[in-house]
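Participant: Fold the following for me, if possible:
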Amino acid sequence: MKKALLTYGFILTSSAFIAQENLELYRGNQSFADEDYTAAKEHYQKALNVNPNSYKGTYNLGNATYKEKNFEDALSHYQQAVSTTEDTHQRAEALHNLGNAYLQSGKLDESIKAYKDALRLDPSADDTRYNLAFAQKMKKKQEQEQQQDQQNKDQEKKDDQQENQDKQDQDKQDQQKQDKQEENKDQDKQDQQQQNEKQNEEQKEEEQPAQPKPMNLSPREAEQMLDAAKNEDQKIQLQIRQQQKTKGKQIEKDW
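Facilitator: Now for the predicted structure:
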């Protein structure tokens, strides 16, 4: 008898919980339809307070959170919804929405996996197949953009290296040009100094009287020159005497 009463009381209690859960789900759906997602979330949470394993409560809470663009929390609710049911259709729809939340979060790989898992459970879901194709297209575009970005970075790096090399080459040329100019200046200075020294030497030579250069004569040549000098001296003495005689005669005649 006690057992029957307990069983009856358990049935009544379970029915009350189910009724309360369904009431909160209904109210949540009404608020969701009115786009009052905050109120909808409150009702879905109350339904979960009654039945923490409620698939509908968890799934709908994920939908309301998704509508508020709180995709990270939506992911958590959808993952929980998948784990709270063994129903193939329910798991497929939860995985479909999980893929949507991943897609909105920019997690394309996870999104593609969720859509594929959903299609394995429900191959006839055209909307899931469409979303999968869209996510794969976005993934391909992302890879192309990443590849282009990498190529741009590589080209930019190559341009920077070439610019640095050009700058180094130009600096080297400028330095060589400067060194050459300095070298030319030093050479010009040396040439000018040598020219000045040469001019000074020439000027000194012009200022000093010419000195007779010694003659290298043999004894025979020296004797001949000495005889020639004596003969020349005799000629000069003879001429002087003749001039003196001529002058003396002219003076006697005047008297």
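
Participant: Who's the closest spatial neighbour of N131, skipping the chain neighbours?
Facilitator: Of all residues not flanking N131 in the chain, Y115 sits nearest, at 5.6 Å (C-beta to C-beta, 6 or more residues apart in numbering). Just so you know, the C-beta spots here come from the backbone N, C-alpha and C atoms, and that holds for glycine as well.

Participant: and the helix or strand harbouring the one you found, average pLDDT?
Facilitator: Using DSSP states H and E, Y115 sits within helix 108-121. For helix 108-121, mean pLDDT rounds to 97.

Participant: other SSEs contacting it?
Facilitator: helix 88-104, helix 126-207 (3 or more C-beta pairs under 8 Å, 6 or more residues apart in numbering; DSSP states H and E).

Participant: Quick one: closest of the ones you listed to A81.
Facilitator: A81 sits nearest to helix 88-104 of all the helices and strands packed on helix 108-121, at 4.2 Å, using C-beta to C-beta.

Participant: any idea how far G99 is from D73?
Facilitator: 16 Å (C-beta to C-beta, to the nearest Å).

Participant: out of those two, which sits in the more crowded spot?
Facilitator: Counted by other C-beta atoms under 10 Å, D73 and G99 do not tie: G99 has more neighbours, with 26 against 16.

Participant: Could you check how far the closest residue to the more buried one other than its chain neighbours is from Q147?
Facilitator: Spatial nearest neighbour of G99, excluding adjacent residues (C-beta to C-beta, 6+ apart): A114 at 3.5 Å. A114 sits at a distance of 25 Å from Q147 (criterion: C-beta to C-beta).

Participant: swap in K107?
Facilitator: 20 Å.

Participant: Show the contacting residues for A81.
Facilitator: 55, 58-59, 62, 90, 94 (C-beta atoms under 8 Å, 6 or more residues apart in numbering).

Participant: cool, and Q195?
Facilitator: Contacts of Q195 (C-beta under 8 Å, 6+ apart): none.

Participant: shift numbering so it begins at 368
Facilitator: Sure thing, new numbering starts at 368, so read that last one as Q562.

Participant: pLDDT wise, what is it at?
Facilitator: Predicted confidence (pLDDT) for Q562: 83.

Participant: got it, and D621?
Facilitator: At D621, pLDDT is 46.

Participant: What of A589?
Facilitator: 66.

Participant: Give the closest residue to S443 in space, chain neighbours not counted.
Facilitator: Per C-beta to C-beta, 6+ apart, closest to S443 is G429, 7.9 Å.

Participant: That neighbour: neighbouring residues, count only.
Facilitator: Quick note: G429 (other C-beta under 10 Å) scores 26 neighbours.

Participant: ok, now how distant is it from K508?
Facilitator: Counting by C-beta to C-beta, the gap from G429 to K508 is 27 Å.

Participant: before we move on, back to that, what about the residue nearest to N498, how many residues nearby?
Facilitator: 28.

Participant: And it, how close does it get to N437?
Facilitator: In terms of C-beta to C-beta, Y482 sits 21 Å off from N437.

Participant: Look at A481 and Q514 and report which has more neighbours.
Facilitator: Between A481 and Q514, A481 has the larger neighbour count (other C-beta under 10 Å), namely 29 against 10.
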